[in-house]
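Colleague: Just to be clear, the model below is a prediction. Sequence and coordinates:
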Amino acid sequence: MAIESFSVPVGSNIIPFDLPATDGKNYSAESFKEAKALVVAFSCNHCPYAKAAWPLLIKLAGEFKDKGISFVAINPNDENQYPEDSFSEMKKRITDWKINFPYLRDETQEVAKAYKAACTPDIYVYDDNRKLYYHGRINDNWQNPEKVTKEELKDALDSLLLGNPPPQPQYPSLGCSIKWKG
């Protein structure tokens, strides 16, 4: 079932995390302290909305890397309900999808709950002070990339780099609900 992301106040502090990634390392918010901005994307492997978002996130991560913006994805889904979202399957996706940023596993789901993440994808952009700058959708047409008229995430990243205030309005992400444990 598709649901929208919850509203989180712009200006909120980043929520600390320390999670294992598919590359064998652990990453925390501090791992990205040199970045001008950090995009935190809650995502997964099986959801059609997340699958549509991956190529867009990978493209944006490539475009913004040299501009000092880092990306990280976090998968909180219950792998017992959805084996396709297991850590071993995440490792396969890194290669298959050519994911160019850390992909983390939130096994306990505590990080997703702390962020009030609701769906996959659920996108958060934090500025250099790690205050929430943008929390919303990637674009205005997840199903038909050729019919996109507004690239809100890209526009928000460009705006942040220019030192502009957070964009308004910010439209919620839409995606599959996070698969919470029992």
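Modeller: In hand now; what should we look at?

Colleague: and the closest residue to Y49 other than its chain neighbours, which of the three is it?
Modeller: Closest residue to Y49 apart from its sequence neighbours, by Cβ to Cβ, 6 or more residues apart in numbering: G175 at 3.7 Å. The way it works is simple: take the backbone N, C-alpha and C, and place the C-beta from them, glycine included. Three-state call for G175 (DSSP: H, G, I helix; E, B strand; the rest coil): strand.

Colleague: right, and G175 touches C119 too?
Modeller: Yes: contact between G175 and C119 holds when scored by Cβ atoms under 8 Å: they sit 3.5 Å apart.

Colleague: and for those two, which residues touch both?
Modeller: A2, I3, S5, Y49 (Cβ atoms under 8 Å, 6 or more residues apart in numbering).

Colleague: any idea which of the residues you listed is closest to L19?
Modeller: S5 (19.8 Å; Cβ to Cβ).

Colleague: Show the backbone phi and psi for the closest one.
Modeller: phi -70, psi 150 (degrees, to the nearest 10).

Colleague: Do I have it right that it meets S173?
Modeller: Yes: S5 is in contact with S173 according to Cβ under 8 Å; the separation is 4.2 Å.

Colleague: what about G175 and C119, which has more around it?
Modeller: Comparing G175 with C119 by other Cβ atoms under 10 Å, the one with more neighbours is G175, at 28 against 25.

Colleague: Look up how far P16 lies from the nearest residue in space to V125 that is not next to it in sequence.
Modeller: Nearest residue to V125, sequence neighbours excluded (Cβ to Cβ, 6+ apart): Y134, at 3.9 Å. Y134 sits at a distance of 20 Å from P16 (criterion: Cβ to Cβ, to the nearest Å).
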